[in-house]
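Asks: Provide a 3D model corresponding to the input given below.
(2 chains)
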Amino acid sequence: MNAARTLHLDRNFLNRYGILIALVALAGVLSVTTDSFATASNLTNVARQVSINGILAVGVTFVLLTGGVDLSLGSVVALSGVVCALYAHPGEYPLAVPLSMGLITGALCGLLNGVLVTRGGIAPFIVTLGMMTMARGLALIFSGGKPVADMTPALTNLAGDWGPLPIPVLCFAFVALLAWLFLGRFRLGRHLYAVGGNEQAARAAGVSVTKVKLFAYGICGLLTGLAGVVLAARITTGQPNAGQAYELDAIAAVVIGGTSLSGGVGSIRGTILGVLLIGIINNGLDLQGVSSYYQAVIKGLIIVGAVWLDRRQSRS
Amino acid sequence: MLRACQLTKTFGGLSVLQEVSIDFHPGEVHALMGENGAGKSTLMKMLAGLYQPDAGIIEWRGQSVRFASPNAALSQGIAMVHQELLPIPDLNVAENLLLGMEPVNALGWVDRAELHTQARKWLKELNTDLDTSLPMRSLSVAQMQVVEIAKALARQADVILMDEPTAALSDHEVSALFKAITTLRQRGVAVVYTTHKMDEVFRLADRISVLRDGQLVCTKAAIEFTPTSLIAHMVGRELSQVFPPVTSTPGEVVLAVEQLTCAPAYRNISFTLRRGEVLGLAGLMGAGRTEVVSALYGLQPADSGTIRLHGKPLVLTSPADGLAAGIGMITEDRKGSGIIPAMSVQHNLTLSALRQYCRGAVIDTSAEKAVTQQATADFAIKASGPTQVINELSGGNQQKVLLARALLATPEVLILDEPTRGIDIGAKAEIYALIGRLSAQGTAVLLVSSELPEILSLTHRILVLRQGEHSAELDPRQTNQEEILRHAMPQ
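Replies: The predicted structure follows:
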């Protein structure tokens, strides 16, 4: 009886802190085995590298929580970046215009996904697969197939620093904080979990499933637009071919963070840890001089392994 | 033949079964009785290889065995027919029945003619004549159950475990199932069976084992029990009065339904519901009872007809509309459209009335916690705390959470669709008492139930539906089960 209780606590402990432990252990190993990991410049660099994936992962957490999926992230990143760059030529518009055009583009793509999923009754996988192709096509059309260069420094400075901190990292932190508060403390956040946990029951309890899903896809789109703007600022162009397969890294981070693909279970805290874990693994492998071919294999194994461990724990 | 020796199981620090030992014999129907949470399902699942015992052993034909999975148990001849059936809906009856053991020809292709011949043979064994080419999704729950039993037979099962096989069946479907069980007994199969329905146990069981709070109370021949003594063993006390007397007097008309139609489910349904009244809605499965009450809550809007609340017409297109108008509902499918399984007790409880515990759009967590503690005490919900995941609660306690959820919104009209299905007798008594209290306080209650004693004892008036049409309105004090059934049976 007593032994069983201890075991149960351990399991809970692992469930809650498993990724955190992995993260700390990994950081510890890297600090000891490399000279460069535990330096301020490297850590800032890691944070900067993960910020775009982080913003995307937070957005797609909303969608995954409702039991949906969004495969169009990468293409919408490119489209929003291109639209933003088109309005960002020096001396044409004030900074607010390219910024909001990028965000609006993302939000509209997300809302369209949401409308097709809810009103159209089409599976999210199919809807967002379509959007993935469509947004990429639009990015190529709007840019004429060429990178949109000549962006105002006012915008590209957004990839720079604010004091000691990189602005993209601040964006990620701000977005994550808002999302965390929202999911934990807002009525609509609660409804998101309810819809993902059991859609029929949520409807029967008076929750507007359509509204909740539209919101989730819309927020995901808006944050994808933000990621597109940040990326355009960083590479100082609107690249129609940017963002390839970004959705996979974002979804992988969310799933490593313990969010269930069938919906209803998950947290922003987990997503942040998942994003950091992927980022540190990438950075560690870079520092160890592992070729990017092997990196891809290792990353794939870690994604599957993390989810396997998670399932094993939750089953037992 | 099959023997449980000192079986013990603990879940999350909570002991659900303690040193239970029972023998099961061939050709015998053995009923496991007990309230929800007594450990019946857990015991069955251990015998079927779904759970592993923490302590104790399972003896099978004199040898100690350990079933790592349901398949391991099945290969030894122990099959389980689940409470929630798991057929593959788009395959036909024969394909489901012989899944994984399809007859094949020399090329390894499935021999379709032989498949259907074999499937028909097994169904014949159970005196059933079912078209084996029908897709599984077109069958009734009772028919699916018969297919599941035939499936177990086809796998040469010597023991068939059935977890509440009749919970979702109407009376005439139950008798078809009983015929099948009688056939199994004659073939020398050991049948282990759980149910909450008293009359069934005495019609069917040879021996009865009573479990209470994870412990075996006794195992005796069925004839040594009376219904009263059985209940007393189950709850550990005498339940002299399960049904409280109907005390409230109906007031003015609250809800008026006129010519409500939604073809083909129901046509031209009209009735009124008064303040403080309990109106019973009786009928067989498929009579349209659930569909009618779902329309009154906005869950499945009707095609035509009017619904008036205090004389004002209502447009109900979603449950949110129903709730806003002051109508609450407990749906019949607790798992499918009631609980959010992965959410906590607290979050499930406040889901419908969450707005009351918010400042603007932000949840006031301390107010939410306070109301949860209040409701947990008021409704005697047994949970380890407000953060316990609702899926870990027994069916009766889940139902009490759902009732509390509906009542937090203080509805004027409360619709209860099979509120006591699959829950233990103690929780049933609490829900009956609650219905009495609510109507005394002026809530108008619409009660749908397939258990006629409930309808007869709790209501002021009974409405009988037959194949989607209003067939009779009866006074519970001047009618009986036979008369209700006569109006409910298709002609």
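
Asks: quick check: which element contains the residue of the stretch 151-300 of chain B found nearest chain A?
Replies: Nearest residue of the stretch 151-300 of chain B to chain A: B:Leu299, at 6.1 Å (C-beta to the nearest C-beta). Every residue, glycine included, has its C-beta placed from N, CA and C. Using DSSP states H and E, B:Leu299 maps to neither a helix nor a strand.

Asks: quick one: contacts for it?
Replies: A:Arg203, A:Ala204, B:Ser318, B:Pro319, B:Gly322, B:Met329, B:Thr331 (C-beta atoms under 8 Å, 6 or more residues apart in numbering or on different chains).

Asks: one more pass at 7 Å, please.
Replies: A:Ala204, B:Pro319 (C-beta atoms under 7 Å, 6 or more residues apart in numbering or on different chains).

Asks: burial measure for B:Arg187, as a count.
Replies: 13 (other C-beta atoms under 10 Å in any protein chain shown).

Asks: just the strands in chain A please.
Replies: A:161-162, A:165-166 (DSSP state E).

Asks: give me the contact list for stretch A:119-133.
Replies: Against stretch A:119-133 from outside (C-beta under 7 Å, 6+ apart): A:Gly68, A:Val69, A:Asp70, A:Leu71, A:Ser72, A:Ser75, A:Cys109, A:Leu112, A:Asn113, A:Leu116, A:Val117.

Asks: what's the distance between the last one and chain B?
Replies: A:Val117 sits 18 Å away from chain B when distances are taken as C-beta to the nearest C-beta, to the nearest Å.

Asks: wait, that residue touches A:Lys213, no?
Replies: Yes - between A:Val117 and A:Lys213 there is a contact at 6.1 Å, judged by C-beta atoms under 7 Å.

Asks: which residues are common contacts for those two?
Replies: Here A:Val117 and A:Lys213 have A:Gly68 as joint contacts, going by C-beta under 7 Å, 6+ apart.

Asks: who in chain B is up against chain A?
Replies: By C-beta under 7 Å from any C-beta of the partner chain, the residues of chain B that approach chain A are B:10, B:12-13, B:15, B:299, B:319-320, B:323, B:331, B:336-343, B:347, B:351-352, B:354-355, B:358, B:361-363, B:405.

Asks: residues from the stretch 151-300 of chain A in reach of chain B?
Replies: A:185-188, A:190, A:193-194, A:197-198, A:200-206, A:208, A:264-265.

Asks: buried members of those into PyMOL, please.
Replies: Command for PyMOL that selects the buried part of those, burial taken from 16 or more other C-beta atoms under 10 Å in any protein chain shown:
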select buried, chain A and resi 186+187+188+190+193+194+197+198+200+201+202+203+204+205+206+208+264+265
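
Asks: can you list the weak-confidence ranges in chain B?
Replies: Chain B contains residues with pLDDT under 70 at B:12-14, B:36-37, B:83-86, B:168-170, B:172, B:236-242, B:491.

Asks: per-domain residue ranges of it.
Replies: What automatic domain parsing lists as the domains of chain B is B:2-235, B:253-488.

Asks: for the last one, measure first residue to last.
Replies: Read that as domain B:253-488. With C-alpha to C-alpha, to the nearest Å applied, domain B:253-488 spans 26 Å between its terminal residues.

Asks: quick one, helices of chain A?
Replies: For chain A, the helices defined by DSSP state H occupy A:2-33, A:40-65, A:73-86, A:96-118, A:124-143, A:153-156, A:167-185, A:187-197, A:199-204, A:209-235, A:246-256, A:268-287, A:292-315.

Asks: re earlier: nearest to B:Leu161, out of the strands of chain A?
Replies: Proximity to B:Leu161 (C-beta to C-beta) singles out strand A:165-166 among those, at 61.6 Å.

Asks: elements contacting that closest one?
Replies: Counting by 3 or more C-beta pairs under 7 Å, 6 or more residues apart in numbering or on different chains; DSSP states H and E, the packing neighbours recorded for strand A:165-166 are helix A:40-65.

Asks: host element of B:Glu368?
Replies: helix B:365-378.

Asks: identify each buried residue in the helix or strand following that helix, please.
Replies: Remark: after helix B:365-378, the chain's next helix or strand is helix B:395-408, criterion DSSP H and E. Using 16+ other C-beta under 10 Å as the test for burial, helix B:395-408 gives B:395-408.

Asks: equivalent analysis for stretch A:147-163, please.
Replies: Buried residues in stretch A:147-163 (16+ other C-beta under 10 Å): A:Pro147, A:Val148, A:Met151, A:Thr152, A:Leu155, A:Thr156, A:Leu158, A:Ala159.

Asks: next: stretch A:120-134.
Replies: Neighbour-count burial for stretch A:120-134 flags A:Pro124, A:Val127, A:Thr128, A:Gly130, A:Met131, A:Met132, A:Met134 (criterion: 16+ other C-beta under 10 Å).

Asks: in JSON lines: those, plus pLDDT.
Replies: Listed next are the buried residues of stretch A:120-134 as JSON lines, based on pLDDT from 0 to 100:
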{"residue": "A:Pro124", "pLDDT": "96"}
{"residue": "A:Val127", "pLDDT": "97"}
{"residue": "A:Thr128", "pLDDT": "97"}
{"residue": "A:Gly130", "pLDDT": "97"}
{"residue": "A:Met131", "pLDDT": "97"}
{"residue": "A:Met132", "pLDDT": "97"}
{"residue": "A:Met134", "pLDDT": "97"}
